[in-house]
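1. give me a model of this one.
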Amino acid sequence: MLSVIIPAYNEQENIANTAEVISGILDAEEIEFEMIFADDGSKDGSWAEICRLNADDPRVRGLRFSRNFGKEGAIFAGLRAAEGDCAVLIDCDLQHPPELIPQMYRMWERGAEVVEARKSSRGRESLFYKLFAKGFYKLMRSSSGINLDGASDFKLLDRKAVNALNEMPERMTFFRALSGWVGFRTEHIEFDVKPRNAGKTKWNYKKLFIFGINSVTSFTNFPMHVITLIGVIFGIFAVVMGIQTLVNYFSGSAADGFTTVILLVLILGACLMIGIGIIGFYLSKIYEEIKRRPRYIISEYTKRMRRKE
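-> Numbers count the residues shown, from 1 in each chain. Okay, here's the model as predicted:
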């Protein structure tokens, strides 16, 4: 059986159509499935729509968070609730083409354990968004060794990969990278990003920036190495300047250099504050992890939904 996991936040306009489209595709291909909507604390009528669909078709199930915990939490809640032999993640707005699911499923039947759908184009995204994504993925590749160029959350995972992800204890997760980090036999398929079926995107530049910072710091310690590198550079610079100062002093040609000293103090102070800020951010991540609070809290399940803690 295939588990279709669909994170949803304020997607009332999309849920019914998404369920109908995916069900029609999978029924036509005679693929047994369950569909799990993970409602990330929506404030509109998303949960009512999920419950209505569940009453009409028991294969459509859902769970609801007590508040908005974010897409990462919804993804992992869906993975934990999935009962299929494999699971596919897809966005509720159908920007991920559902017609590719049968092809991904057949690739799994032929032995693939992870099928990653990669973006061949980024759709109607702004130039800033595209540049931000390109820079972010390049940083992740250089710091972690995982290639995220064109990556998306649209993936099919074998039960072994699902179990491996469910066993990870960390609270701060980055599914897009973790699904590659776990390994397993991986194949790729490309797709073009479609326009949203309805509604507006929940992402803005502020959320993207925060998501990028959280993803980098939760998956790699690269920023800490940057601090070390800056320290080494300034250490070498300090030695060179110290030698020059001593030479000038003993040769009797030492200058006042007040402006230079002020500039060096300002630059060094700025670097120290940035370094302290990065270290503080990592300490806050450690603090969040050691509190052992859950990634999410589920307040409701639809009928016929098995509760998994």
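2. quick check: end-to-end length of stretch 106-120?
-> For stretch 106-120, the first-to-last residue distance is 21 Å (Cα to Cα, to the nearest Å).
3. tell me the mean pLDDT for stretch 99-108?
-> Mean per-residue pLDDT for stretch 99-108: 93.
4. what does that stretch rub up against?
-> 2, 4, 22, 25-26, 29, 31, 86, 88, 90, 115, 117, 154, 156, 158, 187, 189, 191 (Cβ atoms under 8 Å, 6 or more residues apart in numbering). From N, CA and C alone the C-beta is placed, and that goes for glycine too.
5. now, those that are in strands?
-> Among the contacts of stretch 99-108, the ones falling in strands (DSSP state E) are 2, 4, 86, 88, 115, 117, 156, 158, 187, 189, 191.
6. what sits opposite the first one in the beta ladder?
-> Applying DSSP bridges to Leu2 gives these bridge partners: Phe33, Cys86.
7. 500 is where my numbering starts, stick with that
-> In the new numbering, first residue 500, that becomes Leu501.
8. hmm, back to that, write the PyMOL selection for whichever of the contacts of stretch 598-607 are buried.
-> A single PyMOL command selects the buried members of the contacts of stretch 598-607 (16 or more other Cβ atoms under 10 Å):
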select buried, resi 501+503+521+524+525+530+585+587+589+614+616+653+655+657+688+690
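9. could you identify the longest helix within this protein?
-> helix 757-789 (DSSP state H).
10. pull out the buried residues from that helix.
-> The neighbour-count check on helix 757-789 (16+ other Cβ under 10 Å) flags 774, 784 as buried.
11. let me see the mean pLDDT of it.
-> For helix 757-789, the mean confidence score works out to 72.
12. remind me what that helix packs against, helices and strands.
-> helix 704-718, helix 721-750 (3 or more Cβ pairs under 8 Å, 6 or more residues apart in numbering; DSSP states H and E).
13. can you give me the offset of that helix from its chain's centre?
-> The chain centre lies 27 Å from the centre of helix 757-789; the measure is Cα atoms, centre = their mean, to the nearest Å.
14. please apply the same query to stretch 529-541.
-> In terms of Cα atoms, centre = their mean, the centre of stretch 529-541 is set 19 Å apart from its chain centre.
15. now do the same end-to-end measure for that stretch.
-> End residues of stretch 529-541 are separated by 32 Å (Cα to Cα).
16. same deal with stretch 597-611?
-> Note: stretch 597-611 ends 19 Å apart using Cα to Cα.
17. list the buried ones in that stretch?
-> Going by neighbour count (16+ other Cβ under 10 Å), the buried part of stretch 597-611 is 597, 599-601, 603-604, 606-607, 611.
18. swap in stretch 500-520?
-> Neighbour-count burial for stretch 500-520 [16+ other Cβ under 10 Å]: 501-515, 517-518.
19. pLDDT on that stretch, on average?
-> Averaged over stretch 500-520, pLDDT sits at 91.
20. centre of the chain versus that stretch, how much separation?
-> Offset of stretch 500-520 from its chain centre (Cα atoms, centre = their mean): 19 Å.
21. likewise stretch 533-542?
-> Counting by Cα atoms, centre = their mean, stretch 533-542 comes out at 17 Å from the chain centroid.
22. list the buried residues in it.
-> Neighbour counts over stretch 533-542 (16+ other Cβ under 10 Å) mark 533-541 as buried.
23. and which of those residues is nearest Asp555?
-> Of all the buried residues of stretch 533-542, Asp555 sits closest to Met534, with 12.0 Å by Cβ to Cβ.
24. what sits against that closest one?
-> Each residue near Met534 by Cβ under 8 Å, 6+ apart is listed here: 503, 505, 518, 521-522, 558-560.
25. still on that earlier bit, would you point out the most distant pair within the ones in strands among the contacts of stretch 598-607?
-> The largest separation in the ones in strands among the contacts of stretch 598-607, counting by Cβ to Cβ, is between Asp657 and Phe690 at 20.2 Å.
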